[in-house]
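Novice: Dropping a prediction and its sequence here:
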Amino acid sequence: MGDWADFVSADMTRLSRVKLVEACGIQRSIIYQNSQVVTLLRDLESELRAHGVLYGRSADANCAHQNGLTHDEELEQRLGDLSASLCKFNDYLNEVSNSLVVYPLSRPK
């Protein structure tokens, strides 16, 4: 449990997603698209800040709080929402595609 330093970003303000993906052997998209994973990582990072493992984020323009979320967190949440919407749309397209197979195209004689 004392190896958190191996997984932090260069500025020590968050966990490195690249390092986590490599260590866990998972696809990168999971940590951005799965809302439960996004929430768990955010909560874990807050806990690690409270214990002094991670530094607090600066209040510069790149991390200004908006609606209780930093710019980076807001962007990650929006990307996750868009990815979920894209998955739903792809499912819909697959359903439509499968239903079209039932109706063969008539060919001109």
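Specialist: Here it is on my side, so go on. Numbering: from 1, shown residues only.

Novice: Which parts of this protein are helices?
Specialist: Listed in chain order, the helices of the chain (DSSP state H) span 17-24, 28-33, 35-50, 71-101.

Novice: a markdown table please, covering those helices and showing distance to residue 3 and mean pLDDT.
Specialist: Where C-beta positions appear, they are placed from N, C-alpha and C, glycine not excepted. Output for these, formatted as a markdown table (distance: least, CB to CB, whole Å; pLDDT from 0 to 100):
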| stretch | distance to residue 3 | mean pLDDT |
| --- | --- | --- |
| helix 17-24 | 9 | 90 |
| helix 28-33 | 18 | 88 |
| helix 35-50 | 12 | 90 |
| helix 71-101 | 24 | 78 |
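
Novice: looking at those helices, which is closest to residue 7?
Specialist: helix 17-24 (4.8 Å; CB to CB).

Novice: Which other helices and strands does the closest one contact?
Specialist: Under the contact definition 3 or more CB pairs under 8 Å, 6 or more residues apart in numbering; DSSP states H and E, helix 17-24 sits against helix 28-33.
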